[in-house]
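# How does the following fold in three dimensions:
(4 chains)
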2 protein chains.
Amino acid sequence: MADKNQELRDKGLRLTPQRQLVLEAVRSLGHATPEEVAEKVRATHPGINLSTVYRNLETLENVGLVQHTHLGHGGATYHAAEELTHLHLVCSKCGSVGDAPIETAAPFVNTLIDEYGFKTDVTHFAIYGTCANCTEKS
Amino acid sequence: MADKNQELRDKGLRLTPQRQLVLEAVRSLGHATPEEVAEKVRATHPGINLSTVYRNLETLENVGLVQHTHLGHGGATYHAAEELTHLHLVCSKCGSVGDAPIETAAPFVNTLIDEYGFKTDVTHFAIYGTCANCTEKS
DNA sequence: TTTTTTCTGCAAGTAATTTGCAACTCGCAA
DNA sequence: TTGCGAGTTGCAAATTACTTGCAGAAAAAA
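Here you go, the predicted model:
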């Protein structure tokens, strides 16, 4: 607990219960929209305000503890920064979010750098497509 | 002109001036948000309504003449279907949209299919990163 | 031309996120 | 341990981006 306090204070942030709850929620949920984070937090702290969740997600992102990804359809989803070691495979049929190790894209990433000077981090955005499940069904 | 009329009629669509203007705007703009399409169309046809633009983009997408991509930040961008033969390299620093041929990602796409059964079309979403220009500057 | 049916404009409605502001509270400092 | 000041919160209103309902307008078919 002391560590966690430190972790936030080190970034120059105040240690408020709301802030801690938001960070814990993001970490335990893996992938989550702001709405889902709020829901999770409210399970133990009903009074928390949605805009507080939004503000804390932004703040935590600024100090590098969480990051967000656009999984399409306007909604951003957040995850803890330390979990960003995989690609997001989002199924546009069923909406499921799968993972694949980052190495899968390594050659692709290198090609983009070598040929276009474009440095990309494939963990920061979603890869859209159709998952194995949905492919079978159709 | 007769061809273009045919092109829409063949899809079972009515040939309205608004529709034609929206399609032309998408084709001439390359990448564009609904707002930008509306702006372009209004340059020659001030009376056109924004919801008409949205509805036409949706309609045109349904018949396969245009497609949209999520270039992050909630906003969808549209482009003519015939142009969809490249990846979108979006710079998160300067916002510029670059292109790369689809072959660049072919091995990556194949790996996803082979190992995860995940079928993706990399032209449908943006690849985020930092463009060569912005990399130099920093 | 008349009829049928799709489109359009307008206005109101949503959903998701942001912002202004007064009240609050965390952390340092006395 | 108490007090102060800056960072935070809650609330309500504002904004943004898009959607929807509907009546009248205008294509295409008859």
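
# Now do the contacts for A:N56.
A:Q18, A:R19, A:V22, A:L23 (C-beta atoms under 8 Å, 6 or more residues apart in numbering or on different chains). (C-beta placed from N, C-alpha, C; glycine too.)

# out of those, who's nearest A:A38?
Lowest distance from A:A38 to the contacts of A:N56 (C-beta to C-beta) belongs to A:V22, with 8.5 Å.

# what about that closest one, which helix or strand?
Here A:V22, judged by DSSP states H and E, is contained in helix A:17-29.

# and that helix, what does it pack onto?
helix A:2-9, helix A:34-44, helix A:50-62, strand A:76-80 (3 or more C-beta pairs under 8 Å, 6 or more residues apart in numbering or on different chains; DSSP states H and E).

# Could you identify the most distant pair in the contacts of A:N56?
A:Q18 and A:L23 (9.8 Å).

# who's more crowded, these two?
A count of neighbours by other C-beta atoms under 10 Å in any protein chain shown puts A:L23 above the other of A:Q18 and A:L23, at 23 against 16.

# pretty sure that one is in contact with A:E61, am I right?
No. Between A:L23 and A:E61 there is no contact under C-beta atoms under 8 Å: 11.0 Å.

# Get me the contact residues on chain A for DNA strand C.
A:5, A:9, A:14-17, A:33-35, A:50-51, A:54-55, A:58, A:74-76 (C-beta under 7 Å from any atom of the strand).

# which residues sit in contact with A:C91?
Here A:C91 is in contact with A:V97, A:G98, A:G129, A:T130, A:C131, A:N133, A:C134, B:F118 (C-beta under 8 Å, 6+ apart).

# Now it: closest residue in space, sequence neighbours ignored.
Closest residue to A:C91 apart from its sequence neighbours, by C-beta to C-beta, 6 or more residues apart in numbering or on different chains: A:C131 at 3.8 Å.

# How about A:E36?
Per C-beta to C-beta, 6+ apart, closest to A:E36 is A:L29, 6.3 Å.

# Let me know the pLDDT of the one you found.
The model reports A:L29 with a pLDDT of 91.

# Give me the neighbour count for it.
For A:L29, using other C-beta under 10 Å, the count is 17.

# A:E36 now?
So A:E36, with other C-beta under 10 Å, has 17 neighbours.

# where's it relative to B:D10, distance?
Remark: distance between A:E36 and B:D10 (C-beta to C-beta, to the nearest Å) = 44 Å.

# pLDDT on stretch A:70-82, on average?
77.

# Export only the CA atoms of that stretch, formatted as CSV.
Written as CSV, here are the backbone C-alpha positions of stretch A:70-82 (Å, rounded to 0.1, in the frame of the first residue of the first chain):
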residue,chain,number,x,y,z
HIS,A,70,-9.3,3.7,-30.0
LEU,A,71,-11.2,0.4,-30.4
GLY,A,72,-13.4,2.0,-33.0
HIS,A,73,-16.9,3.4,-32.8
GLY,A,74,-15.8,6.5,-31.0
GLY,A,75,-15.2,4.9,-27.7
ALA,A,76,-11.7,4.9,-26.2
THR,A,77,-10.6,2.1,-24.0
TYR,A,78,-8.1,2.3,-21.3
HIS,A,79,-5.5,-0.1,-19.9
ALA,A,80,-2.7,0.0,-17.5
ALA,A,81,0.6,1.1,-19.2
GLU,A,82,2.4,-2.0,-17.9
